[in-house]
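1. Predicted model follows, preceded by the sequence.
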Amino acid sequence: MAKKSKEEKSRGALAAQIRAEQARKDRTRNIIAGIGVLAIVSGLIAAAVIFSPEPKSSKVTVNQIKAPVTATEHGLRLGKETAPTQVVVYEDFQCPYCREFENASRSFFHEAAEQGKLSVEYRPLNLPGLDPYSIDSINAWRAIVKHGTPKQALQMHDVLFEKQPYETATDKPTASDIKGWAKKLGVGQAALDAMKSPDKSLVEAANQTAEDAGVTGTPTVFLNGTKIEGASPQQMVEKIQQAVNAG
């Protein structure tokens with residue numbers, strides 16, 4: 001019993017640390033937006049900031065995926081496991097910085113993976129204290145990973161970031177909306193049924209994996225086993241591009 005209590009306290013402390021880190025990032029983002037001096041370091045990041053998502057829109061973009069996609073123990077891999085450059089991404093579907101990272105990286109990641117130069121493993125998690133969209137999204141995504149196809153799961157991953165609502169949005173997507181997006185991707189009934197009764201253990205396992213990796217905020221990105229420190233989403237992508245180009 002004493003051991004269990006200690007573990008619970010440890011996880012509680014980690015959750016508090018993650019919430020504090022995310023709150024710090026959100027405050028910084030709001031201050032920058034408020035004074036109108038957001039530095040646009042990339043056209044792709046500019047698109048993420050300027051173009052507001054449409055939470056209630058029924059339109060779903062089905063991205064064509066040419067590189068191999070496989071389910072892994074902790075998430076989903078784009079590219080070959082033997083690729084010379086290995087990337088692991090810890091992210092939350094509600095995190096605005098993760099959306100910036102996705103917008104900045106997606107085209108390059110797909111191209112490099114298709115060429116056999118890059119492997120990207122996505123490991124979504126649920127940061128405590130965020131909007132219901134975070135937990136609804138990861139529950140739906142995990143259901144597709146387990147009961148759908150890997151490519152459907154990757155397509156859903158992209159849709160969830162494209163549809164991510166802003167913190168101040170008054171009409172945010174619901175679990176029913178998310179299920180509707182999955183249907184438009186052709187996800188089968190087994191995955192859709194699994195969304196009705198989410199397997200909490202899968203999300204708990206994802207969070208535990210992040211904890212074990214020392215993740216304290218999102219996005220956290222590892223390049224060839226080393227955490228990319230102190231970088232903006234765009235700078236993270238640039239470091240990965242440099243590694244891929246170096247061979």
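-> Thanks, I have the structure now.
2. show me the contacts for the nearest residue to residue 220 once chain neighbours are set aside.
-> Counting by CB to CB, 6 or more residues apart in numbering, residue 90 is the residue found nearest to residue 220 once chain neighbours are left out, at 4.3 Å. C-beta here means a position set from N, CA and C on the backbone, and glycine is covered the same way. Counting by CB atoms under 8 Å, 6 or more residues apart in numbering, residue 90 touches 123, 124, 125, 210, 213, 215, 218, 219, 220, 221.
3. Quick check: beta-bridge partners of the closest residue to the fifth one other than its chain neighbours?
-> Nearest residue to residue 213 in three dimensions, chain neighbours excluded: residue 90, at 6.9 Å (CB to CB, 6+ apart). Beta-bridge partners of residue 90, counted by DSSP bridges, are residue 123, residue 220.
4. still on that earlier bit, type out the PyMOL command that picks the buried ones from the contacts of residue 90.
-> Applying 16 or more other CB atoms under 10 Å to the contacts of residue 90, the buried members can be selected in PyMOL as follows:
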select buried, resi 123+124+125+210+215+218+219+220+221
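5. Output the contacts of residue 90 as JSON lines; include the columns distance to residue 177.
-> Converted to JSON lines, these look like this (distance: CB to CB, whole Å):
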{"residue": "123", "distance to residue 177": "24"}
{"residue": "124", "distance to residue 177": "18"}
{"residue": "125", "distance to residue 177": "21"}
{"residue": "210", "distance to residue 177": "26"}
{"residue": "213", "distance to residue 177": "31"}
{"residue": "215", "distance to residue 177": "28"}
{"residue": "218", "distance to residue 177": "22"}
{"residue": "219", "distance to residue 177": "24"}
{"residue": "220", "distance to residue 177": "28"}
{"residue": "221", "distance to residue 177": "29"}
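6. Going by distance to residue 194, which of the contacts of residue 90 wins?
-> Nearest to residue 194 among the contacts of residue 90: residue 124, at 16.0 Å, using CB to CB.
7. In this structure, where is pLDDT below threshold?
-> Within the chain, the segments meeting pLDDT under 70 span 1-58.
8. mind listing the helices for it?
-> Taking DSSP state H to define them, one finds helices in the chain at 2-35, 43-50, 96-114, 132-147, 150-162, 175-184, 189-196, 200-212, 233-246.
9. tell me how far the fifth one is from the chain's mean position?
-> Here helix 150-162 is found 10 Å from its chain centre; the criterion is CA atoms, centre = their mean, to the nearest Å.
10. contact partners of it?
-> Contacts of helix 150-162 (CB under 8 Å, 6+ apart): 53, 60-63, 65, 69-71, 76, 78, 93, 98-99, 102-103, 106, 122, 124, 137, 140-141, 144-145, 148, 178, 181-182, 185-187, 191.
11. Is it possible to mark the buried ones in those?
-> Buried, going by 16+ other CB under 10 Å: 53, 60, 65, 69-71, 76, 78, 93, 98-99, 102-103, 106, 122, 124, 137, 140-141, 144-145, 148, 178, 181-182, 185, 187, 191, out of those.
12. Run a quick neighbour tally on residue 100.
-> Residue 100 has 25 neighbours, counted by other CB atoms under 10 Å.
13. In contact with the residue most central in space within the chain, which residues?
-> In the chain, the residue lying closest to the centroid (CA atoms, centre = their mean) is residue 91, at 3.7 Å. Applying CB under 8 Å, 6+ apart, we find residue 91 in contact with 98, 101, 102, 122, 123, 124, 125, 218, 219, 220.
14. Let me know the closest of the residues you listed to residue 195.
-> Nearest to residue 195 among the contacts of residue 91, counting by CB to CB, is residue 124 at 15.0 Å.
15. buried stuff in stretch 67-86?
-> 67-71, 74-79, 83, 85-86.
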